[in-house]
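Novice: here is a sequence with its predicted model. Questions after.
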Amino acid sequence: MKYSTNAHTRPKGVCAFIMEYGIVGYGHVGKALARALGCTAIVQGHQDIDQAWEKLRPCTVIFLSVSDSAIHTVAQQLAGQGDWSGKTFLHCSGALTSEVLQPLADAGAAIGSLHPLQSFATGEESLANIYISLEGAPQVVELGRTIVAQLQGKSIQIPAEQRALYHAAACLASNSLVTVVAAAQDVLSRLTGDKQSALEALLPLIDGTVQNLHKAKQAGEVLTGPISRGDAATVAAHVDILPADILPFYENVSQATVTLALNNKKITAVQAAALEEILA
């Protein structure tokens, strides 16, 4: 599959300078980028990496959207195919720095990273209006800002030494959220009889919380529930009835919630101490 970069397929607001894009790795992120930007060349992955040079030669910017563990290997394979001077390679990992692309830099390319702060399940997701992190040399970051503008996204520059911190925040917001919901689903399924109906019952509650977060400047502002009210009796009832396999998880999350409620002045120090005693 190939994508053109003519005016009919470019997103609205694209600058007059048209770059030729290539993709190596055609998973969900690669598909989303290809749809949004239009790609001159797509290299599916390891099966046709040996022919990558011929496919990617017309491109000025090439995204590596392979798995994190494969990025360095693919960079080495591409670097061995020739001189990449005049090309810019951007990997799409949230955790790794541009250093992983050093073999391509040694082969003449400019290197950096461009990571959409989004969860991709299908490749059909829009990249508009989301934050996209950039890392690399100043000229690469500047090029990245141009690409983000084409995507109608919002750019944020992350220093290489802070990459892990950035990625940890992303994992807390996405992966840890799923873990918390899975625990709630497990508990409620003991009453509904199956996990599917339990999740269906919880989703409106989750959606309402997310909508409240959209209206807030700080997440702690929208905290509700017994801990936000200092209701120690209700929390104690939870502790008494929760299954043994869920209780430690509930206690750990609730202790963090007590701290959040206290910091946001929803409860007093005395109320926090009473809650922490129950959760200890």
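Specialist: Done, it's in.
Novice: assign residue 89 to helix, strand or coil.
Specialist: Here residue 89 is strand, with the state taken from DSSP: H, G, I helix; E, B strand; the rest coil.
Novice: quick one: it and residue 104 touch, right?
Specialist: Yes. Counting by C-beta atoms under 8 Å, residue 89 does reach residue 104; the two are 5.0 Å apart. (Each C-beta comes from the backbone N, C-alpha and C, glycine too.)
Novice: any idea how far residue 60 is from residue 206?
Specialist: 42 Å (C-beta to C-beta, to the nearest Å).
Novice: likewise for residue 156?
Specialist: Using C-beta to C-beta, residue 156 is found at 23 Å from residue 60.
Novice: residue ranges for the strands of the chain, please.
Specialist: 21-24, 41-43, 61-64, 88-91, 110-116, 131-136, 154-157 (DSSP state E).
Novice: of the ones you listed, which shows the lowest average pLDDT?
Specialist: For the strands of the chain, mean pLDDT drops lowest on strand 41-43, to a mean of 90.
Novice: which strands border it, and is each parallel or antiparallel?
Specialist: In the sheet containing strand 41-43, its partner strands are strand 21-24 (parallel), by DSSP bridges.
Novice: and residue 277, how many residues sit next to it?
Specialist: Neighbour count for residue 277, taken as other C-beta atoms under 10 Å: 10.
Novice: also residue 201?
Specialist: Residue 201 is flanked by 15 other residues according to other C-beta under 10 Å.
Novice: ok, now the one 10 residues further on?
Specialist: The tally of other residues near residue 211 (other C-beta under 10 Å) stands at 10.
Novice: i'd like the first residue to be 452 from this point on
Specialist: Right, with 452 as the first residue, what we last looked at is residue 662.
Novice: so who does it touch?
Specialist: Going by C-beta atoms under 8 Å, 6 or more residues apart in numbering, residue 662 touches no other residue.
Novice: beta partners for the nearest residue in space to residue 565 that is not next to it in sequence?
Specialist: Closest residue to residue 565 apart from its sequence neighbours, by C-beta to C-beta, 6 or more residues apart in numbering: residue 541 at 4.4 Å. Going by DSSP bridges, residue 541 is paired in beta bridges with residue 514, residue 563.
Novice: quick one: pLDDT of residue 467?
Specialist: Reported pLDDT for residue 467: 38.
Novice: do the one 10 residues further on as well
Specialist: The model reports residue 477 with a pLDDT of 91.
Novice: wait, doesn't it sit right on residue 496?
Specialist: Yes. If you go by C-beta under 8 Å, residue 477 and residue 496 touch, sitting 6.9 Å apart.
Novice: buried ones in the lengthiest helix in the chain, by neighbour count?
Specialist: The single longest helix within the chain, with elements called by DSSP state H, is helix 646-665. By 16 or more other C-beta atoms under 10 Å, the buried positions in helix 646-665 come out as 649-650, 653.
Novice: nearest to residue 483, of the residues you listed?
Specialist: Among the buried residues of helix 646-665, residue 650 lies closest to residue 483 (C-beta to C-beta), at 25.5 Å.
Novice: what residue ranges in the chain are flagged as low confidence?
Specialist: Scanning the chain for pLDDT under 70 picks out 452-469, 497-498.
Novice: what's the neighbour count on the residue nearest to residue 646 when sequence neighbours are not counted?
Specialist: Leaving aside its chain neighbours, residue 646 sits nearest to residue 640 (4.5 Å; criterion: C-beta to C-beta, 6+ apart). Neighbour count for residue 640, taken as other C-beta under 10 Å: 17.
Novice: cool, residue 666 as well?
Specialist: 8.
Novice: separation between residue 645 and residue 563?
Specialist: According to C-beta to C-beta, residue 645 and residue 563 sit 47 Å apart.
Novice: which one's more surrounded, these two?
Specialist: A count of neighbours by other C-beta under 10 Å puts residue 563 above the other of residue 645 and residue 563, at 24 against 9.
Novice: just checking, the more buried one touches residue 550?
Specialist: No. With contact defined as C-beta under 8 Å, residue 563 does not count as touching residue 550 (10.5 Å).
Novice: mind listing what residue 474 touches?
Specialist: 481, 484-485, 490, 492-494, 513-514, 516.
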